[in-house]
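> pasting the structure only:
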């Protein structure tokens, strides 16, 4: 069905269910309970899960299939963000033109950078993409933001001002990003018992885009094109002597993943109409690499899991401060309580990177296939049957 | 004029004269062997034929058209397939996928963005790949990872990948290097079968005299970058010049 095999269809259904019911799945704890701070089911964070999931799906098409490790994909995300905000400034707050333009602009930009960077492979390719991304960051941060020609609005970040043209804006439309009049911020609250579920329109827009993006990526993985990309990774020499030109294949993969990044950037702006240069910084490029490897490079669902995992840490663990720690360990005698707080303190709050780093090390060392491999092993353990190693798709376990 | 004509080809690497005045003609539907001691320029010559190297002088004509300046993938599309000394296959892919890639390259050319159709819907290609795998007795290995096979199987797979493209000319670079006698004989039988069953020309670079004399219709002896003699196997066997340059060393 839909041109998918049975196992792919099952995977698609899992993703469909996970994204559509995320506001419930991610809110397992009652609002008043002590565990409520581990709830991730609020619109802002859910949007991030999905948007960075799209980013990582795209990155995986390049890195997972061809093995070309780009360290500059944040540049395309940033370009997409700027393009979308410019559409808000010129046309109005409807997100559709902005998102379409961000995909197009990111595609063109990645074609340019990819054409140059793909002349080299391996570490030189990575360094070239890193250099281009840092150049883009510098351009956005200072060069393209001067009184004569202000494309990016520098440090402040690009945003919509009241004197912007907004040609198609009218008083009937909301004064913030919307889709044909329904604002992204519109949220339906549902109170059941002690639980408080939030169904946000912006989140569902992102979710639908993710589902489409994921479907397209499955199709690509199973297509002759996807097979050629894996051939690029496996043996370029054999590929050329088989009558195939690897260059256009890698460039196409690069542009497609750049367009996914642009789409994610456009959605970020659509959820919050402010685009800053820091989105293009190398740390942001590194983050998507981590997401993909952590989840499982070259697998379909892995990058989405990795994105969810990292964003969850970033937003939930970073919020655990000393006050919270004290309340956790309050059952202990005073001296012991302070000791425990001091021990745990470096790993939470501002130190969440430390925990993430440790987890990343553990995953890469013991589960080279990422979280997906972990899920596969767990599945095998539970069902007690051995799967063929070529069976790349596991029964995915929920991310959170 | 032959299927492949090499005229006055020369190639230098800095001060080293790797090839000079190489003239060679490979006749249609024949097996042509190129032999010579180490450093005679056999591999350099082969690389000049497939587009990996560009000769400094001379010309290489395939089917009457020059291949000089063409990229390796373009030369393959003209109908020249190459088997490497150590089997070059897609190790991370399955045997079946290894067969489908050359078929797609043959059907769709050097590049085509087939990103929305499904590999499993290519029934024609799958059938042809299965037939070819059956021919080389590898059908039972179709879902195996290519890298996990034995070296002999990898060699057969590489051969099958080349043959499925129906090349006019098959170039073999020491196909039996490092093989045990039994494997060598199997390869000879496989090559004989290929020669007899198909409309194909084979050019083979080889060290092993046993292989050369059991397969070749014509032999070119290369020494220090120039051809010494070109003749039939029977005449080569007793040729004094050849004995001096090549056989004298080993025999």
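That came through, no problem. All figures in this text were calculated on a predicted structure; none of them were measured in a lab.

> would you list every one of the strands in the stretch 201-350 of chain A?
If DSSP state E, counting those that start in this stretch is used as the criterion, the strands of the stretch 201-350 of chain A fall at A:274-275.

> and it, which residues reach chain B?
Within the stretch 201-350 of chain A, the positions near chain B by CB under 8 Å from any CB of the partner chain are A:219-220, A:222-228, A:230-231, A:233-235, A:237-245, A:248-249, A:252, A:256. No exception for glycine: its C-beta is placed from N, CA and C like everyone else's.

> just how off-centre is the strand or helix carrying residue B:189 within its chain?
If you go by DSSP states H and E, residue B:189 is part of helix B:181-197. Once both centres are worked out by CA atoms, centre = their mean, to the nearest Å, helix B:181-197 turns out to sit 14 Å from its chain's centre.

> now the buried members of the residues of the stretch 201-350 of chain A next to chain B.
Buried members of these, counted by 16 or more other CB atoms under 10 Å in any protein chain shown: A:219-220, A:222-228, A:230-231, A:233-235, A:238-245, A:249, A:252, A:256.

> quick one on the thing from earlier: which other residues reach the helix holding residue B:189?
Under the contact criterion CB atoms under 8 Å, 6 or more residues apart in numbering or on different chains, helix B:181-197 has outside partners B:31, B:136, B:152, B:155-156, B:159, B:163, B:170, B:172, B:175-176, B:179, B:200, B:202, B:204, B:208, B:210-211, B:214-215.

> for that helix, buried residues please.
Result for helix B:181-197 [16+ other CB under 10 Å]: buried residues B:184, B:186, B:187, B:188, B:190, B:191, B:194, B:195.

> next: stretch B:9-25.
B:9, B:10, B:11, B:18, B:19, B:20, B:22, B:24, B:25.

> ok, and of these, which contact chain A?
Filtering these for proximity to chain A by CB under 8 Å from any CB leaves nothing.

> I'd like these as JSON lines, with pLDDT, distance to residue A:140 and secondary structure appended.
Shown next, in JSON lines, are the buried residues of stretch B:9-25 (pLDDT from 0 to 100; distance: CB to CB, whole Å; DSSP: H, G, I helix; E, B strand; the rest coil):
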{"residue": "B:9", "pLDDT": "93", "distance to residue A:140": "54", "secondary structure": "strand"}
{"residue": "B:10", "pLDDT": "93", "distance to residue A:140": "54", "secondary structure": "strand"}
{"residue": "B:11", "pLDDT": "92", "distance to residue A:140": "50", "secondary structure": "strand"}
{"residue": "B:18", "pLDDT": "90", "distance to residue A:140": "52", "secondary structure": "strand"}
{"residue": "B:19", "pLDDT": "92", "distance to residue A:140": "54", "secondary structure": "strand"}
{"residue": "B:20", "pLDDT": "90", "distance to residue A:140": "57", "secondary structure": "strand"}
{"residue": "B:22", "pLDDT": "92", "distance to residue A:140": "57", "secondary structure": "strand"}
{"residue": "B:24", "pLDDT": "91", "distance to residue A:140": "59", "secondary structure": "strand"}
{"residue": "B:25", "pLDDT": "92", "distance to residue A:140": "62", "secondary structure": "strand"}
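
> now the two most distant members of these.
Greatest spatial distance among the buried residues of stretch B:9-25 (CB to CB): B:18 and B:25, at 20.6 Å.

> OK, contacts around whichever residue of chain B sits closest to chain A?
Using CB to the nearest CB, residue B:76 is the residue of chain B that sits closest to chain A, at 3.6 Å. Listed by CB under 8 Å, 6+ apart, the contact partners of residue B:76 are A:240, A:241, A:242, A:243, B:50, B:82, B:105, B:165, B:167.

> hmm, back to that, what subset of the contacts of helix B:181-197 is buried?
B:31, B:136, B:155-156, B:159, B:163, B:170, B:172, B:175-176, B:179, B:200, B:202, B:204, B:208, B:211, B:214-215.

> in helices, which of the residues you listed fall?
Those of the buried ones among the contacts of helix B:181-197 mapping onto helices are B:155, B:156, B:159, B:163, B:211, B:214, B:215, per DSSP state H.

> farthest-apart pair in those, please.
In terms of CB to CB, those reach their longest pairwise distance at B:163 and B:214, which sit 19.7 Å apart.

> against which helices or strands is the helix or strand that contains residue A:135 packed?
In this structure, residue A:135 sits in helix A:122-138 according to DSSP H and E. Under the contact criterion of 3 or more CB pairs under 8 Å, 6 or more residues apart in numbering or on different chains; DSSP states H and E, helix A:122-138 touches helix A:74-90, helix A:95-117, helix A:282-295.

> and it, what's buried?
Residues of helix A:122-138 classed as buried: A:125, A:126, A:128, A:129, A:130, A:131, A:132, A:133, A:134, A:136, A:137 (neighbour count, 16+ other CB under 10 Å).

> and which of those is nearest to residue A:28?
Distances from residue A:28 to those, taken by CB to CB, are shortest for residue A:133, at 37.7 Å.

> can I get the helices and strands packed on helix A:122-138 in a markdown table with mean neighbour count and mean pLDDT?
Listed next are the helices and strands packed on helix A:122-138 as a markdown table, based on neighbours: other CB atoms under 10 Å in any protein chain shown; pLDDT from 0 to 100:
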| stretch | mean neighbour count | mean pLDDT |
| --- | --- | --- |
| helix A:74-90 | 28 | 95 |
| helix A:95-117 | 21 | 96 |
| helix A:282-295 | 22 | 93 |
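
> right, I'll leave it there.
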